[in-house]
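Asker: Please find the sequence and the predicted model below.
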Amino acid sequence: SPQFINSSGTAVNPATVVAIVDNRNRNAGRQSIHGFDILADYRFRLGGGELTATLNASYLHIDQQLGAGQPVLARSGVLFTPPDWRGRAGLTWNGGSLTLNGTVSYIDGVDDSRTASTVRVHGMTTLDLTARYRLAQASGPLRGVELTVSALNAFDARPAAIASSSYIDSTYDSTNYSPLGRVISFGIAKSW
């Protein structure tokens with residue numbers, strides 16, 4: 001074969017060949033992905049404004065087999081891979097110049113299977129709150145001014161700690177959970 005390279009420095013006798021190693025990369029692995037995503041929202045009048053309720057939930061299950069005859073392993077719901085469940089629910093009230101929003105986000109827990117006994121890493125639930133007020137000035141320097149105050153992760157939820165054997169390793173699942181605690185911000189914007 002024109003692709004055969006004899007690196008031994010002597011003539012090759014095909015009768016003495018014991019094995020042929022094909023060391024090329026091959027895409028022989030296989031993944032099976034199943035899941036669903038649901039998004040629902042509902043709007044209705046309330047208190048001189050409009051209230052919008054939203055709900056978003058998703059389920060994802062991934063199995064992976066690296067090669068024929070190899071075991072099928074879960075690739076979701078495992079440390080540093082996507083969790084099985086995610087959800088988000090929110091309420092937004094818009095009363096013209098005032099808008100209020102509250103959102104609850106849920107990220108399911110994952111399994112840490114890096115040791116002989118699998119450890120369940122708890123999920124994380126956060127609450128985000130935002131209030132926005134548009135000044136009702138028809139003219140002048142305050143026309144188009146909008147004030148905003150937000151509290152992200154209002155209850156200061158923290159990701160669950162995971163085992164770490166080195167000072168440079170992450171002590172939480174940085175793929176799925178945010179290390180930021182409560183963040184309060186104030187904003188002022190002007191449009192013209």
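Answerer: Received, thanks. Numbering: from 1, shown residues only.
Asker: any weak-confidence spans in this protein?
Answerer: 1-4, 138 (pLDDT under 70).
Asker: List the contacts of the spatially closest residue to Asp84 that is not a sequence neighbour.
Answerer: Nearest residue to Asp84, sequence neighbours excluded (C-beta to C-beta, 6 or more residues apart in numbering): Gly77, at 4.3 Å. Placement of C-beta: from N, CA and C, glycine included. Applying C-beta atoms under 8 Å, 6 or more residues apart in numbering, one finds that Gly77 lies in contact with His61, Pro83, Asp84, Asp108, Val110, Asp111.
Asker: at 6 Å what do you get?
Answerer: Pro83, Asp84, Val110 (C-beta atoms under 6 Å, 6 or more residues apart in numbering).
Asker: now the strands for this structure?
Answerer: 30-46, 49-65, 73-74, 85-94, 98-107, 110-112, 119-121, 124-134, 145-152, 183-190 (DSSP state E).
Asker: Mean neighbour count and distance to Ser8 added to the ones you listed, as a markdown table?
Answerer: Listed next are the strands of the chain as a markdown table, based on neighbours: other C-beta atoms under 10 Å; distance: least, C-beta to C-beta, whole Å:
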| stretch | mean neighbour count | distance to Ser8 |
| --- | --- | --- |
| strand 30-46 | 10 | 37 |
| strand 49-65 | 15 | 36 |
| strand 73-74 | 13 | 39 |
| strand 85-94 | 16 | 56 |
| strand 98-107 | 16 | 56 |
| strand 110-112 | 20 | 47 |
| strand 119-121 | 16 | 50 |
| strand 124-134 | 16 | 58 |
| strand 145-152 | 16 | 65 |
| strand 183-190 | 10 | 65 |
